[in-house]
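Colleague: Predicted model follows, preceded by the sequence.
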Amino acid sequence: MTCIIGLKHKGKIYFGADSVGVQDSNLFPRKDEKIIVKGDFIFGVAGSFRLRDILKYSFIPPKKTCKDVMEYMCTSFVEGLQNCLKEKGVLHIAEGVKEMDSHILLGYKRRIFLIDCDFQIAESSEPYMVIGSCELITLGALAVLIKTKKSPERKILEALEISGRYDGVIRGPFKIVLFNTPYRDS
C-alpha cells in the first residue's frame, strides 16, 4: 500500500516513495506526496493520509531541549506528536496504550528513525530504513544495492521498482527527495 525508503549517504538523507493510495482492492494515484519536508525534519508516512496532512500543516515539532537526539525523539518529540494527534482526533487509546494507524519514517540530524504505531522510536544499524507493505522485499533489494557504486537516488529508484514488481500495490511515479539540511547541534 506504500513503500517509503530512507537512505543515508555521505552525511545526507534521501527519501523515496511510491505515489498510490489503496482502499480495499482499489488503487488511487495520488498527487499529494507521502514525503514531507518541514524545517529540520523530513517525514514519510505509511498509512493515513490524514496523518500526513496533520504533519504537514498542523504539527510543530517541539524544541530540542536535551543534547541526546534519541532522548529528544523518545521524549519531547513523541510527546508533542501525541498531543497534536490527540487534538486532531487521530490518536487512539486502547487499554491505556496510545496508538496511531500509521508508521512514520523520520529524518533528523543526519539520522533516520522509525516511529511505530505505538510511538516506539527505532533507529537501524544499517544506513537505510523502510516502511510500508513490502518492507522485506525492499530491505532485501537495498541490502544488495547498497554495495553498488550507483548514486543514492538510483539505489532508491531500483529498490522501489523491485518492490513494485513483487508487491501489487506499489506504483509510480516514484518520488525521491534529497534532504540536505545542515547539521546544527542545538
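Modeller: Thanks, I have it.

Colleague: going on from the helix or strand bottoming out on mean pLDDT in the chain, what's the next piece of helix or strand?
Modeller: Ranked by mean pLDDT, DSSP states H and E, the weakest helix or strand in the chain is strand 26-29, scoring a mean of 72. Heading C-terminal from strand 26-29, the first helix or strand you meet, by DSSP states H and E, is strand 35-38.

Colleague: Show residues contacting the longest helix along the chain.
Modeller: The longest helix of the chain (DSSP state H) is helix 152-166. Residues outside helix 152-166 that contact it (C-beta atoms under 8 Å, 6 or more residues apart in numbering) are 3, 5, 7, 9, 12, 14-18, 132, 134, 137-138, 141-142, 145-146, 148, 150, 170-172, 174, 176, 178. Any C-beta I mention is one placed from the backbone N, CA and C, and that applies to glycine too.

Colleague: May I ask which helix or strand encompasses Met70?
Modeller: helix 69-72.

Colleague: Would you pull up how far the longest helix of the chain lies from the middle of the chain?
Modeller: 16 Å (C-alpha atoms, centre = their mean, to the nearest Å).

Colleague: What are the buried residues along it?
Modeller: 152-153, 155-160, 162-164 (16 or more other C-beta atoms under 10 Å).

Colleague: Quick check: which ranges of the protein have low pLDDT?
Modeller: Low-confidence regions of the chain, defined by pLDDT under 70, span residues 1, 181-186.

Colleague: Quick check: the gap between the residue in the chain sticking out farthest from the centre and Gly172.
Modeller: The C-alpha centroid of the chain is most remote from Glu95, which lies 26.8 Å away (C-alpha atoms, centre = their mean). Note on Glu95: its distance to Gly172, by C-beta to C-beta, to the nearest Å, is 40 Å.

Colleague: quick revisit: what about the contacts of helix 152-166, which are in helices?
Modeller: Using DSSP H, those in helices are 137-138, 141-142, 145.

Colleague: For those residues, pick the one with the most neighbours.
Modeller: Thr138 (28 neighbours; other C-beta atoms under 10 Å).

Colleague: In contact with that one, which residues?
Modeller: 3, 5, 130, 132, 159-160, 162-163.

Colleague: now with 7 Å?
Modeller: With contacts defined as C-beta atoms under 7 Å, 6 or more residues apart in numbering, the neighbours of Thr138 are 3, 5, 130, 159, 163.

Colleague: Kindly report the same for Leu55.
Modeller: Counting by C-beta under 7 Å, 6+ apart, Leu55 has contacts 36, 43, 45.

Colleague: Format those as JSON lines; extra columns: neighbour count.
Modeller: Putting the contacts of Leu55 into JSON lines (neighbours: other C-beta atoms under 10 Å) gives the following:
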{"residue": "Ile36", "neighbour count": "20"}
{"residue": "Phe43", "neighbour count": "23"}
{"residue": "Val45", "neighbour count": "29"}
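
Colleague: what's the closest of those to Leu106?
Modeller: Leu106 lies nearest to Phe43 out of the contacts of Leu55, by C-beta to C-beta, at 5.7 Å.
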